[in-house]
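In: only geometry, no sequence info:
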């Protein structure tokens, strides 16, 4: 693996090597082998990328840094980086790969020879980063480190992140590291197409990942997300247009709320051990304007509860979960800890709200923790198919209410 040397260190190393070579030539009998001189990096400016629509960057074992990039070109052709390549980016520099095109992007690092994309200065946000918008299904990054990127403001991009996917991007990303990034380490925008992520590390960033619920299916426990300023995976608010699974990860998800789109039936699965933090005033709603009987599979275990709570430990911090006109027989909520939910302004204000006369839901082993007033609010108590057991109120005043806030007493 190469060690990045700054320019002064390179010059010193070169002078030292030259002295060794001169000394070794002074005697034919001392048995000292010639020392290979250090190779200076190749400078890539925008004229290089203008002249080379297809780019293939190769490794020179004798160069501590193979290339220095001085600008932020837009590429449209194939962009290939071989194992072991080290690229240093100056301030205001970066790469916009596949802009308005579908060129193949492949960064082929290995465990022994990772690819390093770094800054000439070792400060957060010292260079812009990597922006991917190619939708080529062959796009992949293996054993790549992206560090000290995310430059924004007057000399940065409007998009935030060290490694960015946008405009229909497709990427398979394995054994990569995104570290020491300004604002967001890895930002996969909702308008990207698909993401496959595994065995990667996001650390030392302000926030490790920001994306929408539509791209969480491969954000799972094979990767690590700790050691950042904000230790959560931030989810932006967008309608969900596909089946999604919330996996157990080593940091929680932070959500501003979500609901399915109006395109088709969606399946929402929450793995045991999943934790969601909810922003102030947010809501999870399992319905939209059209009624598609979406599937709600929120099944924890006795040892690994699912936890959904406010970002702040305050009663009524977020609105709660609303299920509307959904009679799917698979709907089930088991071993859930729901905390800090319920409207503080008007009714219904249950942590879980069952709207309409057409509901099918099984619930058991649910803890309602520090919710504002009611655990469950029901619009039509006599007509819905709602079975429950083992509900526990923990600093939550009451169990059931109707839609107007009148308490429903259990027989």
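Out: Structure's in. What do you need? Bear in mind that the values here come from a model prediction, so they are computed numbers and not experimental data. Numbers count the residues shown, from 1 in each chain.
In: contacts, neighbours, all on C-alpha from now
Out: Noted.
In: residue 248 against residue 300, yeah?
Out: No: with contacts counted by Cα atoms under 8 Å, residue 248 stays clear of residue 300, the gap being 10.7 Å.
In: in this structure residue 395 contacts residue 370, no?
Out: Yes: using Cα under 8 Å, residue 395 is in contact with residue 370, at 4.6 Å.
In: higher neighbour count, those two?
Out: In this view residue 395 and residue 370 are compared by other Cα atoms under 10 Å, and residue 370 has more residues nearby, 24 against 15.
In: from residue 205, how far off is the closest residue to residue 45 other than its chain neighbours?
Out: Counting by Cα to Cα, 6 or more residues apart in numbering, the nearest residue to residue 45 once its immediate chain neighbours are dropped is residue 70, at 5.3 Å. Residue 70 sits 23 Å away from residue 205, going by Cα to Cα, to the nearest Å.
In: quick one: the strands in the stretch 101-250 of the chain, in order.
Out: For the stretch 101-250 of the chain, strands defined by DSSP state E, counting those that start in this stretch occupy the ranges 105-108, 115-119, 129-132, 140-142, 144-147, 163-165, 170-174, 177-179, 184-188, 194-198, 201-203, 207-212, 233-236, 244-246.
In: quick check, central residue of this structure?
Out: With distances taken as Cα atoms, centre = their mean, residue 209 lies nearest the centre of the chain, 3.2 Å away.
In: run through the bridge partners of it.
Out: Beta-bridge pairing for residue 209 (DSSP bridges): residue 186, residue 233.
In: is it possible to export the strands of the stretch 101-250 of the chain to a markdown table including distance to residue 352?
Out: As requested, the strands of the stretch 101-250 of the chain are exported to a markdown table (distance: least, Cα to Cα, whole Å):
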| stretch | distance to residue 352 |
| --- | --- |
| strand 105-108 | 45 |
| strand 115-119 | 47 |
| strand 129-132 | 40 |
| strand 140-142 | 41 |
| strand 144-147 | 42 |
| strand 163-165 | 35 |
| strand 170-174 | 37 |
| strand 177-179 | 38 |
| strand 184-188 | 31 |
| strand 194-198 | 32 |
| strand 201-203 | 34 |
| strand 207-212 | 23 |
| strand 233-236 | 21 |
| strand 244-246 | 19 |
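In: out of residue 70 and residue 205, which sits in the busier spot?
Out: Higher neighbour count among residue 70 and residue 205: residue 205, with 30 against 18, using other Cα under 10 Å.
In: pretty sure the more buried one contacts residue 180?
Out: Yes: assessed by Cα under 8 Å, residue 205 is found in contact with residue 180 at 4.6 Å.
In: next structured bit after the one helix or strand in the chain whose mean pLDDT sits lowest?
Out: In the chain, the helix or strand scored least confidently by mean pLDDT, DSSP states H and E is helix 7-25, which has a mean of 37. As assigned by DSSP states H and E, the chain's next helix or strand after helix 7-25 is strand 42-44.
In: taking the mean pLDDT, what do you get for that following strand?
Out: Strand 42-44 shows a mean pLDDT of 98.
In: how about whichever helix or strand comes after that strand: buried residues?
Out: Remark: after strand 42-44, the chain's next helix or strand is helix 46-51, criterion DSSP H and E. For helix 46-51, the neighbour count (16 or more other Cα atoms under 10 Å) marks residue 49 as buried.
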